[in-house]
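Asker: My questions concern the predicted model and sequence given below.
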Amino acid sequence: PTVLRIGGQYLLYRERVNGIHSESEAGKSWLALLAAVQEIGRHRHVVYLDFEDAETGVVERLLELGGQPEHR
């Protein structure tokens, strides 16, 4: 794995389909968005699909996680 670094460990694989499974409201979307922020910060492209939130909600959470507007 080379994506989503937490505590010195990488948890996801780049250019592969990765799944995050847990109970409802356990933070899965936040974890996926953290991975997106890290990858965008490394100047890599990210495709993030969310069928339960609007674009503005996703962008707000990306910014809360430290995403930078100039990285869009």
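Answerer: Sure thing, it's come through. Numbering: from 1, shown residues only.

Asker: List the contacts of the lengthiest helix in the chain.
Answerer: Looking across the chain with DSSP state H, the single longest helix is helix 28-41. Residues outside helix 28-41 that contact it (C-beta atoms under 8 Å, 6 or more residues apart in numbering) are 3-6, 12, 20-22, 45-46, 48, 50, 53, 58, 61-62, 65-68, 71. Every residue, glycine included, has its C-beta placed from N, CA and C.

Asker: Let me see the mean pLDDT of the helix or strand just after that helix.
Answerer: Sequence order places helix 55-64 as the next helix or strand after helix 28-41, per DSSP states H and E. The average of the pLDDT scores along helix 55-64 is 94.

Asker: Run the angle between helix 55-64 and helix 28-41 for me.
Answerer: For helix 55-64 against helix 28-41, the angle by axes from the mean of the first three to the mean of the last three C-alpha atoms, to 10 degrees is 70 degrees.

Asker: so where's this structure shaky on pLDDT?
Answerer: The chain contains residues with pLDDT under 70 at 71-72.

Asker: Tell me the residue in it that is farthest from the middle.
Answerer: When distances to the mean C-alpha position of the chain are computed (C-alpha atoms, centre = their mean), the maximum falls on residue 23, with 17.9 Å.

Asker: Tell me who's in contact with that one.
Answerer: Contacts of residue 23 (C-beta under 8 Å, 6+ apart): none.

Asker: Out of the contacts of helix 28-41, which end up buried?
Answerer: Burial by neighbour count, 16 or more other C-beta atoms under 10 Å: within these this picks out 3, 4, 12, 46, 58, 61, 62, 67.

Asker: For residue 9, see how far away the fifth one is.
Answerer: As defined by C-beta to C-beta, to the nearest Å, residue 58 lies at a distance of 25 Å from residue 9.

Asker: Over to the first one?
Answerer: As judged by C-beta to C-beta, residue 3 and residue 9 stand 11 Å apart.
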